[in-house]
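A.B. asks: Any chance you could fold what I've pasted below:
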Amino acid sequence: MGIQSQSAMEKGYQLLEPVEENVFDMSPADREQRGISTLPGSLLEAITVTESSDIVHRALGEHVFNNLIANKKIEWDRYRNQVTEFELKQYLALL
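C.D. replies: You can find the predicted model right below:
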């Protein structure tokens, strides 16, 4: 299944108006009112969003999609099991 070359408008997606201001200076309420969402804050959040994305699933196909998700979960698990330099400096002395 290939990716079709229709524009977002042809597919019926609603595009937001361009934003010229610095979105980091906006309050969360202002961003929400303008329909500006934030990117995932962690790899785990990104995996969760991607897992539920029909468009990514269709674009990659079943095999690649499932392997991407599985590999990213392995990557997250390896990352979260690391002891960071901050943790060593902060907590080692307490033990």
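
A.B. asks: And Ser37, how far from Leu16?
C.D. replies: According to Cβ to Cβ, to the nearest Å, Ser37 stands 10 Å off from Leu16. For the C-beta atoms, the positions are set from N, CA and C on the backbone; glycine is no exception.

A.B. asks: for Gly41, same thing?
C.D. replies: Gly41 is 21 Å from Leu16, where distance means Cβ to Cβ.

A.B. asks: Over to Ala29?
C.D. replies: According to Cβ to Cβ, Ala29 stands 17 Å off from Leu16.

A.B. asks: what residue ranges in this protein score low on pLDDT?
C.D. replies: For the chain, residues meeting the criterion pLDDT under 70 lie at 1-11.

A.B. asks: where exactly do the helices run in it?
C.D. replies: Ranges of helices in the chain, per DSSP state H, are 28-33, 43-51, 54-60, 62-80, 85-91.

A.B. asks: Need these in a markdown table (columns: mean neighbour count and distance to Glu20).
C.D. replies: Output for the helices of the chain, formatted as a markdown table (neighbours: other Cβ atoms under 10 Å; distance: least, Cβ to Cβ, whole Å):
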| stretch | mean neighbour count | distance to Glu20 |
| --- | --- | --- |
| helix 28-33 | 11 | 14 |
| helix 43-51 | 15 | 26 |
| helix 54-60 | 13 | 27 |
| helix 62-80 | 12 | 34 |
| helix 85-91 | 9 | 37 |
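
A.B. asks: Please name whichever of these is nearest to Gly12.
C.D. replies: Minimum separation from Gly12 across the helices of the chain (Cβ to Cβ) falls at helix 54-60, 12.8 Å.
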